[in-house]
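fold the following and give me the result.
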Amino acid sequence: MTREHLSAAEPDESDLEVTKPKDWAAGMPGVYHSMKPALENLGVIRTGKTMLALNQKDGFDCPSCAWPDPTHRKTFEFCENGAKAVTWEATPVTIDSDFWAQYSIDDLLEKSEYWLGMQGRLTEPVYKPAGADHYRPISWNDAFSVLATKLNALTSPDEAAFYTSGRASNEAAFAYQLFVRAFGTNNLPDCSNMCHESTGWAMGQTLGIGKATISYDDFAQADLIIIMGQNPGTNHP
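Sure thing, here's the model as predicted:
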């Protein structure tokens, strides 16, 4: 697309429309967008059982964020993003063993992240031998054997780094860090460490602190809050 085409496609001020602000953030549209993927992928019964256990005392924590733990919980103690995250994790769509024979690593590198995610959940460990261009399914015993061989060959536990994703559940992350500390190291970076290491370092050098410079209390003192690119009604804090 040429620069002229880009300029022609950009809206000008005449396209802007100012309307009366809504007095609700999510409401029924938010409920609809939360439940639609769940009902389509999980079905009515599984959706009901899953959502009613989300962030409940005898249920499980939402994988989307660190939701607070009030003494009295409401039935629907989650946000739109939380419902979508649980639907994504609980999907019955799975990847079978034939998938790895069909697609080489070069093939997978050409696919979008959305396409990769829509293929479903992994149900078995996979392993890429040296020089191979395909992952291949292996048993859990073989997977643990590969890991144990590599870890036990290290001269120090601190030579290993154990990375975990923010998409992991709180329960899985807790068990994972117990294993890492029992192994003898605290080299346990998470997605925040990896994503924000550069910004944290830069802020530390310029401002003297590598963390956010505001808190929730600051919002009550603000005369103007500008939110760009976000929908607070459907996003966690």
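
check what pLDDT residue 177 gets.
pLDDT, residue 177: 91.

for it, give its distance to residue 163.
Distance of residue 177 to residue 163, given as C-beta to C-beta, to the nearest Å: 12 Å. Every residue, glycine included, has its C-beta placed from N, CA and C.

try residue 227
31 Å.

which one's more surrounded, those two?
A direct count of neighbours by other C-beta atoms under 10 Å for residue 227 and residue 163 places residue 163 higher, at 12 against 8.

what about the more buried one, distance to residue 173?
Distance from residue 163 to residue 173, by C-beta to C-beta: 11 Å.

helices along this protein, start to end?
For the chain, applying DSSP state H gives helices covering 3-9, 27-42, 44-53, 80-89, 98-102, 105-109, 113-118, 140-152, 170-183, 191-206, 216-221.

how does this structure divide into domains?
Listed by automatic domain parsing, the domain ranges of the chain are 27-89, 94-137.

quick check: end-to-end length of stretch 129-146?
11 Å (C-alpha to C-alpha, to the nearest Å).

same check, this time on stretch 118-131
End residues of stretch 118-131 are separated by 28 Å (C-alpha to C-alpha).

quick one: residue 143 and residue 122 touch, right?
No: using C-beta atoms under 8 Å, residue 143 is not in contact with residue 122; the gap is 11.5 Å.

ok, these two, which is more surrounded?
Taking other C-beta under 10 Å, residue 143 and residue 122 do not tie; residue 143 has more neighbours (15 against 12).

with adjacent residues omitted, what lies nearest to that one?
residue 125 (3.7 Å; C-beta to C-beta, 6 or more residues apart in numbering).

ok, and what's touching stretch 129-145?
Stretch 129-145 has contacts (C-beta atoms under 8 Å, 6 or more residues apart in numbering) with 97, 100-101, 103-106, 124-128, 146.

show me which pair in these is furthest apart.
The span of the contacts of stretch 129-145, defined through C-beta to C-beta, is set by 106 and 146 at 23.0 Å.

neighbour-wise, which of those two wins?
Between residue 106 and residue 146, counted using other C-beta under 10 Å, the more crowded position is residue 146 (13 against 9).

show me what contacts the closest residue in space to that one that isn't next to it in sequence?
Leaving aside its sequence neighbours, residue 146 sits nearest to residue 127 (C-beta to C-beta, 6+ apart; 6.6 Å). By C-beta under 8 Å, 6+ apart, residue 127 lies in contact with 135, 136, 137, 138, 142, 143, 146.
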